[in-house]
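1. predicted model and sequence follow; I will ask about them next.
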Amino acid sequence: MRRCLSTPVNTSTNAQAAARFFGRKPAIAACSARSEPFAARPCRSENPAVTESVLQNRLQLETPHAGLQDSYRNLVREFVERGEPLVPFTLSFPNDDFEAFLSRLAACSRGEGLPPGFVPHTTFWLVRDGVEVVGVSNLRHELTDALRREGGNIGYGIRPSARGFGLAHVLLRHTLGRARELGLAEAWLSCAKGNKASAATILANGGEFVSEELIDDRGEIMQRYRIRLDGNTDAFGGVDRAPVSANRNAGPGKGR
């Protein structure tokens, strides 16, 4: 049975977007919206490679490594050249000495050498075809009071030139799975009220709107969402749930 890595919402659109991204002819896919585990929903497609291989095999969530240092640096360069905030915040870590950069990420994941107020956090790369880093996520292992107010458990960013193909949804979904593996029962996310794309990504991954608040030092209204990870009540077909958010640990941007 073929599996589909997209939610029942806009499945056909996601498949066509992925097809464009990978230079393939768009396929029309339809997934059951039944309340069964997300990964277990069958998917019908005129070109199954688009939904299965493209979204599953051709996009992998990986731990940062030296083999893709040039691609990662190019991703960071795209953010800088466009004058965009470096999101997640680990994009701002110096990477001239790449081995030292990787060592720092590993230490952060172990909770070592963190600045005051920071929590342990793990960075992941979304990699296309094993050769190109198209997205980066950062998973915070726990929350402080400050992070609950503005921030959350996950921050993520998509390479500017790779946007518009549904990759944020894929990146968040896989990171939610890692949050569940970490043992989180729920994940909190936040995004600016005006960031409709980020809010849509969170909602598509099972986010529940909780509250919003004007953050004076940001000068904008931040919305808070929760994603349950217990797997019991899953209105989105059993998506591995976790949050995506801005975080003091996460710096500015879409999901921080």
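-> Alright, I've got the coordinates.
2. show me the domain layout of this structure.
-> 1-57, 59-256 (automatic domain parsing).
3. which of those has the lowest average pLDDT?
-> Here the lowest mean pLDDT among the domains of the chain goes to domain 1-57, at a mean of 40.
4. how far away is the closest residue to His121 other than its chain neighbours from Gly157?
-> Leaving aside its chain neighbours, His121 sits nearest to Arg140 (4.7 Å; criterion: Cβ to Cβ, 6 or more residues apart in numbering). Heads up, the C-betas are built off the backbone N, CA and C, glycines and all. Per Cβ to Cβ, to the nearest Å, Arg140 is found 15 Å from Gly157.
5. just the strands in this structure please.
-> 29-31, 43-45, 59-62, 121-128, 132-140, 154-158, 186-192, 208-215, 220-228 (DSSP state E).
6. tell me what the fifth one is packed against?
-> If I follow you right, that is strand 132-140. Secondary-structure packing of strand 132-140 (3 or more Cβ pairs under 8 Å, 6 or more residues apart in numbering; DSSP states H and E): helix 69-81, strand 121-128, strand 154-158, helix 167-182.
7. most tightly packed of those?
-> strand 154-158 (a mean of 30; mean count of other Cβ atoms under 10 Å).
8. what strands line up against it, and which way round?
-> Taking DSSP bridges as the criterion, strand 154-158 forms sheet pairs with strand 132-140 (antiparallel).
9. Asn138 contacts Ser92, doesn't it?
-> No. Asn138 sits out of contact with Ser92 when judged by Cβ atoms under 8 Å, with a separation of 11.2 Å.
10. the two: which has the busier surroundings?
-> Counted by other Cβ atoms under 10 Å, Asn138 and Ser92 do not tie: Asn138 has more neighbours, with 30 against 15.
11. burial of the spatially closest residue to that one that is not a sequence neighbour, as a residue count?
-> Setting aside the residues directly before and after it, Asn138 is nearest to Pro88 in space (Cβ to Cβ, 6+ apart), at 3.7 Å. Neighbour count of Pro88, defined by other Cβ under 10 Å: 32.
12. distance between the ends of stretch 114-131?
-> In stretch 114-131, first residue to last residue: 30 Å (Cα to Cα, to the nearest Å).
13. my error: substitute stretch 81-96 in the last question.
-> End-to-end for stretch 81-96, by Cα to Cα: 17 Å.
14. buried ones in it?
-> Within stretch 81-96, the residues that count as buried by 16 or more other Cβ atoms under 10 Å are Pro85, Leu86, Val87, Pro88, Phe89, Thr90, Leu91, Asn95.
15. what are the phi and psi values at Ser117?
-> Wrong residue type there; residue 117 is Gly, not Ser. phi 90, psi -10 (degrees, to the nearest 10).
16. Phe124 against Leu176, yeah?
-> No. Assessed by Cβ under 8 Å, Phe124 is found out of contact with Leu176, at 11.3 Å.
17. could you dump the helices and strands packed on strand 132-140 to TSV with distance to Leu229?
-> Shown next, in TSV, are the helices and strands packed on strand 132-140 (distance: least, Cβ to Cβ, whole Å):
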stretch	distance to Leu229
helix 69-81	28
strand 121-128	16
strand 154-158	11
helix 167-182	5
